[in-house]
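[1] I need the structure of the sequence given here:
(chains A and B)
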Amino acid sequence: MSNTKPILLVEDDSVDAITVKRAFDDLGITKSLVHLTNGEDALEHLENEVNNKPSFVLLDLNMPKMNGIELLRAMKTNPALRLIPVIVLTTSREDRDVIDSFDLSVAGYVVKPIDYTQFVETIRTINMYWSLSQLPVKG
Amino acid sequence: MRNSKPILLVEDDSVDAMTVQRAFKDLKVTNPLAHSINGEEALAYLKDESNKKPCVILLDLNMPKMNGTEFLKVVKADDALKKIPVVVLTTSQEERDVVESFNLCVAGYIVKPVDYKKFVEAIRTIDLYWTLSELPKEKVGDQNVEHETYIASRG
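    Numbers count the residues shown, from 1 in each chain, chains lettered A, B, ... in the order given. This next block holds a predicted model:
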């Protein structure tokens, strides 16, 4: 991608997080991946000014403590965070989750493929799109 | 895209609009392309219930009457429209435009490539990404859902 800001992955499932990291490696994506396991930790990380703001967030929905929708709501009401694009990456195909996410202006809603090859293709497409797009947080 | 809903292009430059149409054709994107020439016309299109809601809006920024940013402000304040993803497609690389657009929660900000081949690649990437992404289904109460329900209840 055109800047060096990290990508923030918010994911409670450690296997899924490892799969994302592995796909990044296999695709030669050199951007750093910051991984947090729930919305509460992610919000704390985002609000702490010591941390570099991510270029975008990959967000799971079903998580303990603070789930994805709750984090989204908190981000979109915070002027310092609302401009960061959030892409939902989840196993949920529920219409309710899709509608809630787009009502909170997510910048994409991707269902995790089970097959690893398809998972890599998914990450490739997300990376291509967000490399093409300008980003509000410059590196 | 995986659906057959229209894509709404809001673009005042007729050459740019033709280029998008040509790229759609070359890439065999089958979604109908609805074209409005400014924000005001696009809003009228979106509010007209006889039109199908688009799955994605491709939005130019610099336009007469109502520009892209003004259009975005109205769309994002409207409960019926705010969930439609809006992708900015512009010649402006101004940091201010990028930040303002993301503050209004756009789902991408693409600078139009001047070269046609690169332009086609940009449209291909946009199409791939929004084919991969789920999109909000229209809620019950929206016209075509109602129609389907009506048919089902008759059967």
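[2] in chain A, which spans are helices?
    Along chain A, counting by DSSP state H, helices occupy A:14-26, A:39-47, A:68-76, A:95-103, A:116-132.
[3] want to try JSON lines for those helices, with mean neighbour count, distance to chain B and mean pLDDT as columns?
    Bear in mind the C-beta positions are built from the backbone N, C-alpha and C, glycine included. Output for the helices of chain A, formatted as JSON lines (neighbours: other CB atoms under 10 Å in any protein chain shown; distance: least, CB to the nearest CB, whole Å; pLDDT from 0 to 100):
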{"stretch": "helix A:14-26", "mean neighbour count": "15", "distance to chain B": "14", "mean pLDDT": "96"}
{"stretch": "helix A:39-47", "mean neighbour count": "19", "distance to chain B": "15", "mean pLDDT": "97"}
{"stretch": "helix A:68-76", "mean neighbour count": "21", "distance to chain B": "7", "mean pLDDT": "97"}
{"stretch": "helix A:95-103", "mean neighbour count": "18", "distance to chain B": "4", "mean pLDDT": "96"}
{"stretch": "helix A:116-132", "mean neighbour count": "18", "distance to chain B": "4", "mean pLDDT": "97"}
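[4] mind putting the ones you listed in JSON lines, distance to residue B:17 included?
    Output for the helices of chain A, formatted as JSON lines (distance: least, CB to CB, whole Å):
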{"stretch": "helix A:14-26", "distance to residue B:17": "37"}
{"stretch": "helix A:39-47", "distance to residue B:17": "38"}
{"stretch": "helix A:68-76", "distance to residue B:17": "32"}
{"stretch": "helix A:95-103", "distance to residue B:17": "26"}
{"stretch": "helix A:116-132", "distance to residue B:17": "20"}
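[5] separation between residue B:71 and residue A:106?
    Taking CB to CB, to the nearest Å as the measure, residue B:71 falls 20 Å from residue A:106.
[6] actually residue B:126, sorry about that
    16 Å.
[7] Look at these two and report which has more neighbours.
    The residue with more neighbours, out of residue B:126 and residue A:106, is residue A:106; 28 against 25, by other CB atoms under 10 Å in any protein chain shown.
[8] quick one: contacts for residue 84?
    Chain wasn't specified; assuming chain A. If a contact means CB atoms under 8 Å, 6 or more residues apart in numbering or on different chains, then residue A:84 has A:46, A:53, A:54, A:55, A:56, A:57, A:75, A:136, A:137, B:102 as its contacts.
[9] if you could check chain B rather than the one you did, that'd help
    Here residue B:84 is in contact with A:102, B:46, B:53, B:54, B:55, B:56, B:57, B:75, B:136 (criterion: CB under 8 Å, 6+ apart).
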